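In: Kindly generate the corresponding structure for this input.
(2 chains)
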Amino acid sequence: MTYVIAEPCVDVLDKACIEECPVDCIYVGDRMLYVSPDECVDCGACEPVCPVEAIFYEDDLPEKWADYRQFNADFFAELGSPGGASKIGQTSNDPAQVRALLVKDR
Amino acid sequence: MTDLGLKAKDFKSDQEVRWCPGCGDYAILAGVQAFMPELGIPRENIVFISGIGCSSRFPYYMNTYGMHSIHGRAPAIATGLSTSRADLSVWVVTGDGDALSIGGNHLIHTLRRNVNLKILLFNNRIYGLTKGQYSPASELGKITKSSPMGSIDAPFNPISLALGAEATFVARTMDSDRKHLISTLRAAAEHPGTALIEIYQNCPIFNDGAFDVIKDSESRQAWIINLEHGAPLRFGTKAVIRNPDGSLTVEQDVSDDEPRVVVHDAHGDDPTYSFALSRLSSFDARYAPMGVFRDVRRPVYDTLMADQLAGAATGTTTDDAAFDALIRGNDAWTVDL
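Out: Numbering: from 1, shown residues only, chains lettered A, B, ... in the order given. Below is the predicted model of the structure:
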């Protein structure tokens, strides 16, 4: 199990969750943030601090955003499990489906 | 090691994990579950025994046998199990309150006996389950609900305590460093006898940030001393120096050819060196030696006990005369009325 970041984060990237994560497993892409499913320890610290309520426990992910479970995993296809997001910084590993989303006017 | 094809998820139970959001215990649980397949031991031969406290909820979340036992008494229960069932891998999960306060006596006697247990001591330097009173590991002057004017108790240094109790394996690691945590678990699992691992664990609710200085990617290089057997204790521009009186101190800007730089020896028979190393993490000097302080071989209690039992069972002292001699001993006397 893992936490998953979904559509509300797209083009927001508030990063409040990054401050809270005790194991530094929330990575920054171009369009949104992603939780590493291998490194997440399911502690739930990120979920309540998200200002746009984009973070869900895997089992509680709304049906309309079910694809984001795979999007979060796909972000790490090349990155693997670096063992800490802060040293990696922003990367452009966003999956094609996320990159293809229309830019939202927030 | 036998590969049984087990994965980390095989060690997750069906119980909902109930610690506070952000608790370091989640990271330790994930690390232990990731390490377990390496043991090569079937789940039914692994047992986690805990005392009382937040950390002691651990056995519920492991898909192994386990027991959430009595406050401070996990080492005693685990000793009984380990000595009577040599086929089991027995782990104790405890915290700084459970192990150092309520169960202080059980801990030190388990360590000196060298029972074949692996003890994971989650140290968050606070009583979390009871909502924030100072623990035996809380620093002097700490203001808590039970010490409103600041704690006047000098804290235990768990590593120093374990070394003083003649522990044969003593190590320290941290909740958020998965790689280091797993390598330390591996070293402990390979050690015959009692292995004590102190795990620095952040309590985000009642003692948040207790270990920030050694977790922060900017500052940790200045404070963490990585212990690797045979490697010089250098970190950043600093190094651990041996003084003429045998004590250890940290010095700045140490040249490459400085002969006083300590080379880590975890296997030396004399615990004096490991003890001196443990003193570097007292509260006025915030250095954090991380890794295996001491790893030496000594007869294991379980084996010694099994040998005595086997010897007794195969002896010839089963006849009546021998029984009478045992009952009377050489210390009988007659009472004249």
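In: burial count for the residue in chain A that chain B sits nearest to?
Out: Across chain A, no residue is closer to chain B than A:A45, which sits at 3.1 Å (Cβ to the nearest Cβ). Bear in mind the C-beta positions are built from the backbone N, C-alpha and C, glycine included. Counted by other Cβ atoms under 10 Å in any protein chain shown, the residues lying close to A:A45 total 21.
In: Am I right that it is in contact with B:A27?
Out: No. Look at A:A45 against B:A27 with Cβ atoms under 8 Å: they stay out of range, at 10.7 Å.
In: which neighbours do those two share?
Out: Residues touching both A:A45 and B:A27 (Cβ atoms under 8 Å, 6 or more residues apart in numbering or on different chains) are A:P22.
In: so where's the stretch 201-337 of chain B uncertain?
Out: B:283-285, B:315-318 (pLDDT under 70).
In: can you count the residues close to the residue of it found nearest chain A?
Out: Closest residue of the stretch 201-337 of chain B to chain A, Cβ to the nearest Cβ: B:S217 (5.5 Å). Neighbourhood size, B:S217 [other Cβ under 10 Å]: 10.
In: OK, contacts around it?
Out: Counting by Cβ under 8 Å, 6+ apart, B:S217 has contacts A:G84, A:S86, A:K87.
In: same thing but 7 Å
Out: A:S86, A:K87 (Cβ atoms under 7 Å, 6 or more residues apart in numbering or on different chains).
In: List, one by one, the residues from chain B near chain A.
Out: When proximity is defined as Cβ under 7 Å from any Cβ of the partner chain, chain B approaches chain A at B:17, B:21-24, B:26-27, B:30, B:176, B:178-179, B:202, B:204, B:217.
In: Quick one: which of the residues you listed has the lowest pLDDT value?
Out: Within the set of the residues of chain B next to chain A, pLDDT is lowest for B:S217 (84).
In: Could you check how far that residue is from A:Y34?
Out: Per Cβ to Cβ, to the nearest Å, B:S217 is found 20 Å from A:Y34.
In: Throw together a PyMOL command that grabs the buried residues out of the residues of chain B next to chain A.
Out: A single PyMOL command suffices to select whichever of these are buried according to 16 or more other Cβ atoms under 10 Å in any protein chain shown:
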select buried, chain B and resi 17+21+22+23+24+26+27+30+176+178+202+204
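In: roughly how far apart are B:T110 and B:A78?
Out: 8 Å.
In: what about these two, which has more around it?
Out: B:A78 (30 against 26).
In: Could I get the contacting residues of the more buried one?
Out: B:I49, B:V90, B:V92, B:L117.
In: returning to what we had before: can you pull the contacts of the residue of chain A closest to chain B?
Out: Counted by Cβ under 7 Å, 6+ apart, A:A45 has contacts A:E20, A:C21, A:P22, B:P21, B:G22, B:P204.
In: what residue ranges in chain A are flagged as low confidence?
Out: For chain A, counting by pLDDT under 70, the residues that fall below are A:1, A:105-106.
In: Please identify the residues of it in proximity to chain B?
Out: A:E20, A:P22, A:V23, A:V41, A:D42, A:C43, A:G44, A:A45, A:P48, A:G83, A:S86, A:K87.
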